[in-house]
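Asker: sequence and predicted structure, then a few things I'm wondering about:
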Amino acid sequence: MKKTLILLFFLFFNIWVLPASAETITVSPDGLSLTEALAQCSDGDVIELSDGVYAEPEEVFPVTVTKTVTICPADGAHPVIDAPAFQAAIRVEAAGVNLQGLDIRMRRTGIYAIGDDMTLTDCRISLADEEWRTSSCGMWCGGIYRMKVLNCTFEGCGISLAGPPLSERSRELPVLTGLFEVGEDEAYFTSHTIENCTVNGKPLFYAVSQDTVNVPEDAGEVICCGCKEVIVKNADVSDGSMGMVLTYNDSVTIENCKADRCGVFGIYVAKCEGGTLRACSTEGTNHGLDIRACRNFALIDCEAKDCDQGLFFSHVEDSVMTGCTVSGTGQGYFMAGGSRNALWNCVALDCENGYNLQKENDVAMTGCIAEGCTVCGIRLDWTPTVLSGNQVRKNWVGVMCYGDVAFEILDNTFEDNEACGLYLRDIAGSRFIGNTITGSGVDSAEALGTMNGSLWTANTLDVPMTAEEGIDFNYVE
């Protein structure tokens with residue numbers, strides 16, 4: 001009798017207490033929407049998509065996944081998820097989500113993933129319209145662990161890896177502006193499995209935690225993280241999201257590689273201890289060659305053309321750009337938050353800002369050219385700089401210095417700048433020696449605010465400086 005009571009107890013316990021088994025929910029473009037199914041589903045459910053196109057107004061984008069579910073086609077179906085501009089197609093917030101056999105067409109982001117242990121199998125993600133290439137991304141993976149991407153196809157896009165989305169704790173960390181942290185945990189990049197995937201018909205190459213990696217030349221995207229040495233030569237990673245993602249490597253060598261028309265970054269290197277990019281080029285890319293939170297890097301004979309930002313250093317130390325050329329970009333050369341970096345024999349042509357240096361420390365810039373820039377040839381924003389032997393011509397403003405730091409402006413040539421050759425505002429004690437300023441459209445030089453006794457000597461101006469009355473220069477003629 002006692003055994004019978006125990007069996008009855010477990011029978012009722014299983015019926016009334018344990019959760020119900022997983023359900024299969026079928027959706028269709030003219031029936032229950034995917035958005036509605038995700039709102040009513042439970043962990044463990046399977047959502048099957050019937051044939052058709054899943055788009056606005058029936059779907060609300062981003063289609064957000066907050067439960068541990070599987071989303072896949074119904075038997076024999078070929079569903080298409082077609083997302084509008086400026087929105088992600090699918091936002092994955094839950095852990096353990098499984099996406100299978102989906103055709104995702106996006107105009108900003110295919111999958112925005114912030115949930116761990118996601119699996120993506122046999123999916124196709126594509127950029128639906130070239131008009132929306134800038135800032136587009138096939139998959140943004142933000143601060144997640146143990147993702148699996150298997151047998152997937154990317155067209156006009158690829159995979160981008162980063163740290164978690166920005167939060168209050170991100171304030172003092174290297175970040176991807178407005179998006180994610182660069183990533184303070186190496187496992188954000190090395191804990192994944194990415195196998196048998198292609199980008200624009202070429203292999204997606206993924207290598208982690210190896211001693212020496214020689215990347216094949218036919219790679220469509222390169223992701224190498226946590227390796228001692230990475231060597232990439234003669235690769236063309238154009239038309240992706242991030243053409244290359246190289247993080248937490250000891251040494252990186254990239255030579256003669258091309259990364260055109262990438263939605264996010266052409267070549268992205270972060271948290272690496274040293275390396276060289278030589279003779280690499282990018283055209284029509286959002287950020288061309290982007291180096292963040294690295295040390296001991298050299299960009300040699302590299303080129304960026306018609307990008308939003310050309311050659312980019314953020315939180316980089318003891319590094320140099322030399323012999324590089326940037327043309328037609330918004331920000332030609334950009335540096336911010338780093339220390340002891342240099343620019344040598346570089347050229348900026350027809351940019352908005354040719355060289356834009358923000359809150360850097362101890363920059364040396366010599367032998368460079370800034371020409372035809374519509375805002376400023378060389379912009380020094382709170383960046384103590386030795387600016388020596390450069391040519392600054394035919395820009396709107398030649399050189400702009402501001403912020404309570406010291407500048408060494410020595411032996412530069414300013415020619416035919418439309419508004420002003422040299423603009424100074426509220427600077428610390430600095431030195432301006434041996435510069436020649438001619439042909440400026442309005443002012444040869446203009447000084448506003450305090451100069452803190454800065455030395456001005458042996459400079460040649462065809463038009464006298466325009467300065468506020470009582471400006472505190474130390475003039476020595």
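Answerer: Great, that's in hand.

Asker: hey, let's count contacts and neighbours off CA atoms from now on
Answerer: Fine.

Asker: not counting sequence-adjacent ones, nearest residue to T64?
Answerer: Of all residues not flanking T64 in the chain, R91 sits nearest, at 4.7 Å (Cα to Cα, 6 or more residues apart in numbering).

Asker: repeat that for S444.
Answerer: Distance criterion Cα to Cα, 6+ apart; nearest residue to S444, sequence neighbours excluded, is G421 at 5.0 Å.

Asker: walk me through which strands the helix or strand containing that neighbour pairs with, and which way each runs.
Answerer: Remark: G421 resides in strand 420-427, with elements defined by DSSP states H and E. Here strand 420-427 has these sheet partners by DSSP bridges: strand 397-403 (parallel), strand 443-448 (parallel).

Asker: please work out which of these is packed deepest.
Answerer: Among the strands paired with strand 420-427, strand 397-403 has the highest mean neighbour count (mean count of other Cα atoms under 10 Å), at a mean of 25.

Asker: could you give the mean pLDDT of that strand?
Answerer: The average of the pLDDT scores along strand 397-403 is 99.

Asker: the helix or strand that that strand is followed by pairs with which strands?
Answerer: Later in the chain than strand 397-403, the nearest helix or strand by DSSP H and E is strand 407-410. Strand 407-410 has its sheet partners listed here by DSSP bridges as strand 385-388 (parallel), strand 431-433 (parallel).

Asker: what about strand 407-410, average pLDDT?
Answerer: Mean per-residue pLDDT for strand 407-410: 99.

Asker: next one: stretch 227-241
Answerer: In this model, stretch 227-241 has an average pLDDT of 99.

Asker: quick one: distance of that stretch to the chain centre.
Answerer: 16 Å (Cα atoms, centre = their mean, to the nearest Å).

Asker: so how many other residues sit close to D211?
Answerer: Using other Cα atoms under 10 Å, D211 has 12 neighbouring residues.

Asker: what do you get for T438?
Answerer: 20.

Asker: that one is in contact with N459, isn't it?
Answerer: No. Checked against Cα atoms under 8 Å, the pair T438 and N459 is beyond contact range at 10.9 Å.

Asker: on that earlier part again, is the residue nearest to T64 located within a strand, as I assumed?
Answerer: Yes. Under DSSP: H, G, I helix; E, B strand; the rest coil, R91 sits within a strand.

Asker: show the pLDDT at it.
Answerer: Note on R91: pLDDT of 99.

Asker: again, but for A20
Answerer: Model confidence at A20, given as pLDDT, is 54.

Asker: what does the one 4 residues further on give?
Answerer: Looking at T24, its pLDDT is 98.

Asker: run through the bridge partners of it.
Answerer: Per DSSP bridges, the residues bridged to T24 are V46.

Asker: for it, grab the count of nearby residues.
Answerer: Neighbour count of T24, defined by other Cα under 10 Å: 15.

Asker: ditto for the one 4 residues further on
Answerer: Applying other Cα under 10 Å, we find 17 other residues in the vicinity of S28.

Asker: which residues does it contact?
Answerer: Contact analysis of S28 by Cα atoms under 8 Å, 6 or more residues apart in numbering lists L34, L49, S50, D51, G52, Y54.

Asker: if we use 10 Å, what do you get?
Answerer: Residues counted as contacts of S28 (Cα atoms under 10 Å, 6 or more residues apart in numbering) are L34, E48, L49, S50, D51, G52, V53, Y54, A74, P79.

Asker: equivalent analysis for N390, please.
Answerer: Here N390 is in contact with 344-347, 365-370, 409-414, 435 (criterion: Cα under 10 Å, 6+ apart).

Asker: ok, now with 6 Å
Answerer: T366, G367, C368, I369, N412 (Cα atoms under 6 Å, 6 or more residues apart in numbering).

Asker: which of those fall in strands?
Answerer: Of the contacts of N390, the ones assigned to strands by DSSP state E are T366, I369.

Asker: closest to L127 among the contacts of N390?
Answerer: I369 (37.3 Å; Cα to Cα).

Asker: quick check, that closest one in contact with V347.
Answerer: Yes. Contact criterion Cα atoms under 6 Å: I369 and V347 qualify, at 4.7 Å.

Asker: joint contacts of these two?
Answerer: Between them, I369 and V347 share no contacting residue, judged by Cα under 6 Å, 6+ apart.

Asker: follow-up on the earlier one: of the contacts of S28 - the most surrounded one?
Answerer: Within these, most neighbours by other Cα under 10 Å means L49, with 27 neighbours.

Asker: shouldn't T457 be in contact with T436?
Answerer: No. Using Cα under 6 Å as the test, T457 is too far from T436 to be in contact (11.2 Å).

Asker: more neighbours, these two?
Answerer: Here T457 and T436 are set side by side on neighbour count (other Cα under 10 Å), and the busier one is T436, at 19 against 15.

Asker: contacting residues for D350?
Answerer: D350 sits next to S327, G328, G372, C373 when contact means Cα under 6 Å, 6+ apart.

Asker: ok, now how distant is it from A304?
Answerer: According to Cα to Cα, to the nearest Å, D350 stands 12 Å off from A304.

Asker: neighbouring strands of the helix or strand hosting I125 in the sheet, and parallel or not?
Answerer: For I125, the host element (DSSP H and E) is strand 124-127. Strand 124-127 has the following strand partners under DSSP bridges: strand 103-113 (parallel), strand 153-155 (parallel).

Asker: nearest to A270, out of those strands?
Answerer: Across the strands paired with strand 124-127, closest to A270 is strand 103-113 (Cα to Cα), at 20.2 Å.

Asker: can you tell me which helices and strands whatever helix or strand comes next after the closest one packs against?
Answerer: The first helix or strand that comes after strand 103-113 along the chain, using DSSP H and E, is strand 119-121. Secondary-structure packing of strand 119-121 (3 or more Cα pairs under 6 Å, 6 or more residues apart in numbering; DSSP states H and E): strand 98-100, strand 148-150.
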